[in-house]
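J.: Mind folding the following:
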Amino acid sequence: MPHHPDQVYIPAEDTYLLLEVACREVCPVDRVLEIGAGSGFIAAALEKVAALVLATDINPHAAAYAGEQGIDVVRTDLCSGVQKSFDLVIFNPPYLPTKPEERIDDWLECSLDGGETGREVIERFAVEISRVLAPAGRILLLISSLTGLQDVSGIFLRQGFSVAIAREQLMEDEVLYVLKIARLSGG
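T.: Modelled structure (predicted):
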């Protein structure tokens with residue numbers, strides 16, 4: 001399928017912040033899953049280090065673009081089309097609070113629109129991710145202060161995960177956080 005570059009999320013400040021933390025976190029033996037890979041920028045960088053990297057994106061234009069960059073990519077919603085387990089899961093979700101009247105309704109919108117709270121996709125991710133996360137697996141999740149740090153932490157705590165801030169960076173009118181999430185002991 002030919003892709004439309006204007007429908008693919010290009011690397012921005014949040015991408016670079018998540019990549020910085022991912023490069024510190026990844027180990028050579030890790031099987032890595034990047035959900036919502038967009039252009040495949042992070043997946044491509046991690047392929048140089050990790051044992052295996054797989055990317056997913058719901059956006060057909062992003063999946064096509066990442067595939068053209070040599071990334072092993074599955075077009076699917078979150079991890080629903082994935083069967084393997086992964087040691088490190090990376091996700092820069094759509095986290096911007098978006099009112100119905102603000103919606104543009106195009107594929108690029110999928111990478112930005114977090115629903116009215118900014119947490120709708122994150123909530124689904126928190127429920128689904130255990131199926132593909134290795135027992136000692138880690139998650140790196142990028143969110144904004146606009147999404148609600150305590151609210152997002154609560155979502156994962158209710159699913160049996162611990163949450164720590166791996167890195168934060170002040171942007172113009174928000175703070176970006178990279179959260180490191182793991183199963184609670186015995187979870």
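J.: Can you list the helices and strands that the lowest-mean-pLDDT helix or strand in the chain packs against?
T.: One helix or strand of the chain scores below all others by mean pLDDT, DSSP states H and E: helix 60-68, with a mean of 88. Using 3 or more CB pairs under 8 Å, 6 or more residues apart in numbering; DSSP states H and E, the elements in contact with helix 60-68 are strand 52-57, strand 73-75. To be clear about C-beta, it is placed using only N, CA and C from the backbone, and glycine gets the same treatment.
J.: right, and Val73 touches Gly67 too?
T.: Yes - counting by CB atoms under 8 Å, Val73 does reach Gly67; the two are 5.0 Å apart.
J.: quick one, which of these two is more surrounded?
T.: Neighbour comparison, Val73 and Gly67: the larger count goes to Val73, with 23 against 18 (by other CB atoms under 10 Å).
J.: In contact with that one, which residues?
T.: Counting by CB atoms under 8 Å, 6 or more residues apart in numbering, Val73 touches 37, 40, 43, 54-57, 63, 66-67.
J.: what's next to the longest helix belonging to the chain, contact-wise?
T.: Taking DSSP state H as the criterion, the chain has its longest helix at helix 13-25. Identification of contacts with helix 13-25 by CB under 8 Å, 6+ apart yields 38, 41-42, 45-46, 49, 88, 90, 92, 138, 140, 142, 144, 166-167, 169, 171, 176, 178, 180.
J.: Check which element follows that helix along the chain.
T.: Using DSSP states H and E, the helix or strand that follows helix 13-25 in sequence is strand 31-35.
J.: Could I get the average pLDDT for that following strand?
T.: The average of the pLDDT scores along strand 31-35 is 97.
J.: Show me what it is packed up against.
T.: So strand 31-35, by 3+ CB pairs under 8 Å, 6+ apart, packs with helix 41-47, strand 52-57, strand 86-91.
J.: Mind putting these into a markdown table with mean neighbour count and distance to Asp77?
T.: As requested, the helices and strands packed on strand 31-35 are arranged in a markdown table below (neighbours: other CB atoms under 10 Å; distance: least, CB to CB, whole Å):
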| stretch | mean neighbour count | distance to Asp77 |
| --- | --- | --- |
| helix 41-47 | 21 | 18 |
| strand 52-57 | 25 | 8 |
| strand 86-91 | 24 | 13 |
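J.: okay, these in JSON lines with distance to Cys23 and mean pLDDT next?
T.: JSON lines is the format used below for the helices and strands packed on strand 31-35 (distance: least, CB to CB, whole Å; pLDDT from 0 to 100):
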{"stretch": "helix 41-47", "distance to Cys23": "7", "mean pLDDT": "96"}
{"stretch": "strand 52-57", "distance to Cys23": "13", "mean pLDDT": "95"}
{"stretch": "strand 86-91", "distance to Cys23": "11", "mean pLDDT": "98"}
